[in-house]
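> with the sequence up front, the predicted model follows.
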Amino acid sequence: MTKADDSNAGVVREIWSLLEQVNDPEVPVLSVVDLGIIRDVRANEVGFEIVLTPTYSGCPAMDVIRMTIRMILLEAGHKDVKLITVLAPAWTTDWMSEQGKEKLKAYGIAPPLTSQQVCHPALFQREEAIECPHCHSYHTTRISEFGSTACKALYRCEDCKEPFDYFKCH
């Protein structure tokens with residue numbers, strides 16, 4: 001590894017650290033790193049590239065996220081950064097960090113099921129066993145396929161009677 005490579009590796013680590021400070025405006029408890037939309041940070045000929053995959057191709061939060069990333073990086077002295085949006089492969093909730101899923105639960109949003117828990121859109125044809133983030137009961141009912149944002153469904157706990165969002169699998 002050359003000194004330039006070593007230096008670039010240090011800056012790449014710093015950029016990843018800065019990205020952990022960028023929160024999703026629709027789910028402010030999650031950073032873009034927790035959400036898994038940052039796919040890569042790499043050095044190029046003139047600076048650095050950050051590769052992002054939106055949760056949805058038309059996600060309205062992406063403009064705010066890009067602007068916030070640019071502001072944080074500029075404040076830290078990183079001017080030559082290119083943001084690249086990649087739509088394939090499509091984002092999946094499997095890319096979310098376990099820490100992010102725990103943050104969702106603590107915030108009152110039921111985290112998505114994992115692939116191992118048979119997280120598949122076809123499951124929305126029947127009632128799922130979604131844990132209430134408030135009382136931890138699985139006695140829950142889906143009220144609406146869409147919650148406060150397109151990436152969430154609205155549920156109600158039949159035990160504590162509290163409504164809650166469920167971060168849908170995709």
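Right, received. Where do you want to start?

> care to break the chain down by domain?
What automatic domain parsing lists as the domains of the chain is 3-91, 94-167.

> these: lowest mean pLDDT?
Mean pLDDT per stretch puts domain 94-167 lowest among the domains of the chain, at a mean of 85.

> E158 is in contact with H139, isn't it?
Yes - using CB atoms under 8 Å, E158 is in contact with H139, at 4.4 Å. In this view, the C-beta of every residue, glycine as well, is placed from N, C-alpha and C.

> residues contacting the residue nearest the centre of the chain?
With distances taken as CA atoms, centre = their mean, L35 lies nearest the centre of the chain, 1.8 Å away. Counting by CB atoms under 8 Å, 6 or more residues apart in numbering, L35 makes contact with D24, V27, T55, W95, M96, G100.

> and the residue nearest to the third one when sequence neighbours are not counted, how many residues sit next to it?
The spatial neighbour of T55 that comes closest, neighbours along the chain excluded (CB to CB, 6 or more residues apart in numbering), is W91 at 5.1 Å. By the criterion of other CB atoms under 10 Å, W91 has 23 neighbours.

> cool, and K82?
11.

> give the buried residues for the longest helix seen in the chain.
Across the chain, the longest stretch assigned as helix under DSSP state H is helix 3-19. For helix 3-19, burial by neighbour count (16 or more other CB atoms under 10 Å) applies to N8, V11, V12, E14, I15, L18, L19.

> cool, stretch 38-57 as well?
For stretch 38-57, by 16+ other CB under 10 Å, it's I38, V41, A43, F48, I50, L52, T53, P54, T55.

> which residues touch it?
Contacts to stretch 38-57, defined as CB under 8 Å, 6+ apart, come from residues 8, 11-12, 15-16, 19, 32, 35, 37, 62, 65-66, 69, 78-87, 89-91, 95, 150-151, 170.
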